[in-house]
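S.K.: how would this look folded up:
(chains A and B)
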Amino acid sequence: DQQVKQNSPSLSVQEGRISILNCDYTNSMFDYFLWYKKYPAEGPTFLISISSIKDKNEDGRFTVFLNKSAKHLSLHIVPSQPGDSAVYFCAASPRGGGNKLTFGTGTQLKVEL
Amino acid sequence: GAVVSQHPSWVICKSGTSVKIECRSLDFQATTMFWYRQFPKQSLMLMATSNEGSKATYEQGVEKDKFLINHASLTLSTLTVTSAHPEDSSFYICSARNRIQGNGYTFGSGTRLTVV
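M.R.: Next up is the predicted model:
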């Protein structure tokens, strides 16, 4: 039972354009969401997070949007850069935020020149 | 910032042997550590949660006698894969709960285990 889903296994974007990565969840107990970037054979690196009390959080080129009613979140990267090419995982945690994370299946982003 | 050091980064072992993976929090105390496993092109799957000084909590389907977790101090947790088999070959990652960074979780760099 995949509680966090990333339906696009891959995404290709041109440098300078916007990258939009999507994530859906089914567990209504999730109230803290995170995005991680991962390179092969390395651990995930934290990018940005959002609490369920917000619908948007922005940090530099990265913005996360949360639509609680749709149980959907998205990560926007603008402008996209070649160094952004990696696998992006969304993750969710239930109320309290200090509990275990449930990860999505990941989206491979490729930013082309 | 909070750093979690994971060793080894890769290991090859023979079937039937045991392998120990270490995770250390370098500049903070990690009362809780999480162990994940990732198969190629799949998600990170939580295996177990370990709390310092107590027994680990394993996720459904994870054999606790095969994947031994020890969290004896606030800065060190170990995962031992006992009697390893080729199907245990995977990428193992630890994560520590920290309160220094707002995101609350810091990941190790992972261990690539290959059982031959």
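S.K.: and residue 47, what is it in contact with?
M.R.: Using chain A here. A:Leu34, A:Trp35, A:Tyr36, A:Lys37, A:Asp59, A:Phe62, A:Leu75, A:Tyr88 (CB atoms under 8 Å, 6 or more residues apart in numbering or on different chains). Quick note: C-beta positions are derived from backbone N, CA and C, even for glycine.
S.K.: I was after chain B.
M.R.: Here B:Met47 is in contact with B:Trp35, B:Tyr36, B:Arg37, B:Tyr58, B:Glu59, B:Val62, B:Phe67, B:Leu79 (CB under 8 Å, 6+ apart).
S.K.: mind listing what the helix or strand harbouring it pairs with, with the direction of each?
M.R.: Per DSSP states H and E, B:Met47 falls inside strand B:44-51. Strands that pair with strand B:44-51, judged by DSSP bridges, come out as strand B:32-38 (antiparallel), strand B:57-58 (antiparallel).
S.K.: Pick the most deeply packed of those.
M.R.: Each of those was scored by mean neighbour count; the highest is strand B:32-38, a mean of 24, by mean count of other CB atoms under 10 Å in any protein chain shown.
S.K.: Give me the next element, helix or strand, following the helix or strand containing A:Ile48.
M.R.: According to DSSP H and E, A:Ile48 maps onto strand A:45-51. Using DSSP H and E, the helix or strand that directly follows strand A:45-51 along the chain is strand A:56-59.
S.K.: Now do the buried residues in that next one.
M.R.: Neighbour-count burial for strand A:56-59, counted by 16 or more other CB atoms under 10 Å in any protein chain shown, picks out A:Asn57.
S.K.: one step back: output the strand holding B:Met47 as PDB, restricted to C-alpha atoms.
M.R.: Below are the C-alpha coordinates for strand B:44-51, written out as PDB (Å, rounded to 0.1, in the frame of the first residue of the first chain):
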ATOM      1  CA  LEU B  44      13.200   4.300   0.400                       C
ATOM      2  CA  MET B  45      11.400   1.800   2.600                       C
ATOM      3  CA  LEU B  46      11.600   2.100   6.400                       C
ATOM      4  CA  MET B  47      13.000  -1.000   8.000                       C
ATOM      5  CA  ALA B  48      13.100   0.000  11.700                       C
ATOM      6  CA  THR B  49      13.200   2.800  14.200                       C
ATOM      7  CA  SER B  50      15.700   2.700  17.000                       C
ATOM      8  CA  ASN B  51      15.700   4.600  20.200                       C
END
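S.K.: For whichever residue of chain A sits closest to chain B, which residues are in contact?
M.R.: Closest residue of chain A to chain B, CB to the nearest CB: A:Gly43 (3.7 Å). When contacts are counted by CB under 8 Å, 6+ apart, A:Gly43 touches B:Val4, B:Gln6, B:Ile93, B:Ser95, B:Phe107, B:Gly108, B:Ser109, B:Gly110.
S.K.: give me the number of residues near the second one?
M.R.: B:Gln6 is surrounded by 21 other residues when neighbours are defined as other CB atoms under 10 Å in any protein chain shown.
S.K.: And for the last one?
M.R.: Using other CB under 10 Å, B:Gly110 has 23 neighbouring residues.
S.K.: Quick one: mean pLDDT over stretch A:43-54.
M.R.: The pLDDT scores in stretch A:43-54 average 92.
S.K.: quick one: which helix or strand includes B:Cys23?
M.R.: strand B:19-25.
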